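K.L.:
Give me a model of this one.
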Amino acid sequence: MLTSETASHGEQLQVMQVVACQAQKPGLIPSCQDVLAKLVAPPIGIDTNVLLTITGGSNVETDASLLARLLDYMRDPPGGGTALDYKRWAMEVPGVSKAYVYPLRRGIGTVDIVITGENGTPSTEVITMAQSHIDTMRPVTARSAVVFAATPFIVNMEIGLTLSGSETLQTILPVVKDALQHVYNDYEPGSGVVLSHLIAALTSVPGVSDAVIISPESNITANPVKIPILGEVRLRGL
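P.N.:
This next block holds a predicted model:
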């Protein structure tokens, strides 16, 4: 808090403050980094110009996602605290995109739940809500159930391609990214990036005769809480 004791007359200070806000419509927050805004009714002596950085939010659940959760519930009914139950409880929390359960990782009676958010890393609020929800649902005999955030591990790729037909590196780039993304969608926290799987996906793209992964140079091994995420993709001709 600024008072007459902390700021001298005529001195200009830059203050940063984190506050909670509520959106008028649900959805994932678009890029909002250092956006110029104005205070409607600032106190005397306070500049009306402010820089806003807003993060968080999640999209409304799609019908396909809801159907998948319903079918999962029908195929595997609640079992009194099975690994599938913990995954289901985590997925019931708004803002949780994926959940992975690791029983006994910290010893007997422990369960670790690693979650991801809409844009990779879940917010602190989502982690807190997931922890609270699981604490109310888990069996009383469970000694410890802890929710962790999956840490994205960004993998930038440089790929050499031999093309056939009328395709160019520019026109085929979106298709290549989509093929790679399908592989990355199957990765879980702790999954390693296997280059042979990615090459198989690349050579299955129509118009690609041959593919070589220039970077990364070898398979990647991630630690148990990191999940590989596809980053920038650059193409060059062979």
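
K.L.:
Give me the nearest residue to the residue nearest in space to the middle of the chain, chain neighbours excluded.
P.N.:
When CA atoms, centre = their mean is applied to the chain, the residue found nearest the centroid is Gly120 (0.9 Å). Leaving aside its sequence neighbours, Gly120 sits nearest to Pro152 (CB to CB, 6 or more residues apart in numbering; 4.1 Å). (Glycine included, C-beta is placed from N, CA and C.)

K.L.:
same thing with Ile199?
P.N.:
Counting by CB to CB, 6+ apart, the residue nearest Ile199 is Ala211, at 5.5 Å.

K.L.:
Which secondary structure element is home to the one you found?
P.N.:
Ala211 belongs to strand 208-215 when assigned by DSSP states H and E.

K.L.:
same for that strand, what does it pack against?
P.N.:
Applying 3 or more CB pairs under 8 Å, 6 or more residues apart in numbering; DSSP states H and E, we find strand 208-215 packed against strand 151-163, helix 195-203.

K.L.:
helices and strands around the helix or strand just after it, which ones?
P.N.:
Next helix or strand after strand 208-215 toward the C-terminus (DSSP H and E): strand 226-237. On a contact count with 3+ CB pairs under 8 Å, 6+ apart, strand 226-237 meets strand 151-163, helix 169-184.

K.L.:
What are the buried residues along the first one?
P.N.:
Residues 151-153, 155, 157, 159, 161, 163 are the ones in strand 151-163 that count as buried (16 or more other CB atoms under 10 Å).

K.L.:
Mean pLDDT for the helices and strands packed on strand 208-215 - can I get that in CSV?
P.N.:
Output for the helices and strands packed on strand 208-215, formatted as CSV (pLDDT from 0 to 100):
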stretch, mean pLDDT
strand 151-163, 93
helix 195-203, 96
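
K.L.:
Let me have these in CSV, adding distance to Leu52 as columns.
P.N.:
Output for the helices and strands packed on strand 208-215, formatted as CSV (distance: least, CB to CB, whole Å):
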stretch, distance to Leu52
strand 151-163, 24
helix 195-203, 39
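
K.L.:
Specify the residue ranges that define each domain of the protein.
P.N.:
Following automatic domain parsing, the chain resolves into domains at 63-149, 151-237.

K.L.:
Export those to TSV and append columns for distance to Asp47.
P.N.:
Shown next, in TSV, are the domains of the chain (distance: least, CB to CB, whole Å):
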stretch	distance to Asp47
domain 63-149	29
domain 151-237	36
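
K.L.:
Please identify which of the ones you listed is closest to Pro42.
P.N.:
Closest to Pro42 of those is domain 63-149 (CB to CB; 27.5 Å).

K.L.:
picking that back up, residues touching the strand holding Ala211, excluding its own?
P.N.:
Contacts to strand 208-215, defined as CB atoms under 8 Å, 6 or more residues apart in numbering, come from residues 156-164, 167, 172, 176, 195, 198-199, 202-203, 236, 238.
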